[in-house]
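>>> Below are the sequence and a predicted model; questions follow.
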Number of protein chains: 2
Amino acid sequence: MANSTVSRSADKRRRLTAAAADVLHRQGVERTTIADIAAAADVPVGNVYYYFKTKDELVQAALAEHAAHLAELTGELDRHPDPLHRLKALVAAWVEQRDVAVRFGCPTGTLAAELDKRAEGGLDEEAGKVIGLLLGWVERQFRELGLPDPDGLALTLVAGYQGMSLLASALRDPDVMTREGARLTRWLDSLSQGGAS
Amino acid sequence: MANSTVSRSADKRRRLTAAAADVLHRQGVERTTIADIAAAADVPVGNVYYYFKTKDELVQAALAEHAAHLAELTGELDRHPDPLHRLKALVAAWVEQRDVAVRFGCPTGTLAAELDKRAEGGLDEEAGKVIGLLLGWVERQFRELGLPDPDGLALTLVAGYQGMSLLASALRDPDVMTREGARLTRWLDSLSQGGAS
DNA sequence: GTCTATACCCCGATAGAC
DNA sequence: GTCTATCGGGGTATAGAC
């Protein structure tokens, strides 16, 4: 076909993006080389630069990939009519990913933590934006529930997720995810039952 | 004096350790070079290797420094007779450090997140142990208060700290620290007043 | 104990053949 | 569009003079 070349190109770019998201999450930005990503994507090393001019562009592509994954997840959750159910399903999804979290932490969170130490490049703000997307979605759920201070509640829920991911990874203990996940679920229930704090 | 040389040596080692703790926190492990630490400690680059054989030994020294800082802080807090007061003072200390947290995150937490992605070397476990020290101290306070599931409560408090530090840094917003700090304080109060969850 | 010079390796990025 | 060879820079670690 006329555009078979185009689609192969798009395919390689997609493979590189997916590999970047995966490898950067597992190894961190600084310890990951272009060669690592190329190997994971099964693309010759030198060819990477045809698709991404710099390593930072690969990092940005990985961030966009994480944002896309997040959009996909929240899109599915949005099918549920009840916002409280959506939030509890989100927590359940986090706990389900506990084996990944225990080994490498939250993909977006650890990436943000690493990039935030940079002053230049503006990639740090990019990472903050992805977390902002999650915060925004969570806040909308709390608002739909008619709860006061929806963005404060969103902050608490997402901070809870980031905190439990970091501790689970630092202690190498998946139970941290299940225990804190259960607590967050109980907390969500208590909120809509008019419980304090 | 006979041991003036010795004390100068000890001084240099101490300066290098302090510089390592500071610079590794601000730049992260991988982006920090031996030269960076040497410059911060005002020690000639090549001389570093007389005190620390490898870069990893400097990282380990930094972790020990963070553990010492933690011991100093909890030591001061232990003077208060009331465990609840101690915990609230701990939260207050975290919030006081918000400007550092907003820029570079929690020193131990971000270090742990970075080291946890390594499989080799065992430095990852070392970072987990430092966080374990904090968890242990917090748990003891809850136990003194006679609350059920003291180590679950400790997990929640420390996860809250790690989560709010990460979000504050990712969003570049110190208010995250004050808002979540206030919430944790309210939560602590509600616990000893027999509140649920 | 102190410090300089440098060996050695690895990585990001480019040049240029195909 | 694809791939190899390589340049240039920078980082860890060491050798060895002082």
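Received the coordinates, thanks.

>>> separation between the residue most central in space within chain A and residue B:110?
Ranked by distance to the mean C-alpha position of chain A (Cα atoms, centre = their mean), the top residue is residue A:108 at 3.9 Å. Distance of residue A:108 to residue B:110, given as Cβ to Cβ, to the nearest Å: 15 Å. To be clear about C-beta, it is placed using only N, CA and C from the backbone, and glycine gets the same treatment.

>>> cool, and residue A:166?
9 Å.

>>> Between these two, tell me which one has more neighbours.
residue A:166 (32 against 28; other Cβ atoms under 10 Å in any protein chain shown).

>>> doesn't residue B:161 make contact with the more buried one?
No. The criterion here is Cβ atoms under 8 Å, and residue A:166 misses it with residue B:161 at 9.8 Å.

>>> which residues are in contact with both of these two?
Residues touching both residue A:166 and residue B:161 (Cβ atoms under 8 Å, 6 or more residues apart in numbering or on different chains) are residue B:109.

>>> Would you mind pulling the contact partners of stretch A:29-38?
Against stretch A:29-38 from outside (Cβ under 8 Å, 6+ apart): A:16, A:19-20, A:23-24, A:27, A:44-45, A:47-48, A:55, A:58-59, A:111, A:114-115, B:28-31, B:117-118.

>>> that older thread, and what about the residue nearest to the centre of chain A, helix, strand or coil?
At residue A:108 the chain is in helix, as set by DSSP: H, G, I helix; E, B strand; the rest coil.

>>> all helices for chain A, in order.
A:4-27, A:34-41, A:48-51, A:55-77, A:83-96, A:98-104, A:107-115, A:123-144, A:150-171, A:175-192 (DSSP state H).

>>> Turn those helices into TSV, including mean pLDDT and distance to residue B:142.
Shown next, in TSV, are those (pLDDT from 0 to 100; distance: least, Cβ to Cβ, whole Å):
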stretch	mean pLDDT	distance to residue B:142
helix A:4-27	85	34
helix A:34-41	96	43
helix A:48-51	96	51
helix A:55-77	98	34
helix A:83-96	98	23
helix A:98-104	98	24
helix A:107-115	98	26
helix A:123-144	97	28
helix A:150-171	98	16
helix A:175-192	97	14
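
>>> rewinding a little: which members of the contacts of stretch A:29-38 are classed as buried?
When the contacts of stretch A:29-38 are checked for burial by 16 or more other Cβ atoms under 10 Å in any protein chain shown, the buried set is A:16, A:19-20, A:23-24, A:27, A:48, A:55, A:58-59, A:111, A:114-115, B:28-31, B:117-118.

>>> Can I get the helices of chain A in TSV including distance to residue B:139?
Formatted as TSV, the helices of chain A follow (distance: least, Cβ to Cβ, whole Å):
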stretch	distance to residue B:139
helix A:4-27	31
helix A:34-41	39
helix A:48-51	48
helix A:55-77	34
helix A:83-96	22
helix A:98-104	20
helix A:107-115	24
helix A:123-144	29
helix A:150-171	13
helix A:175-192	13
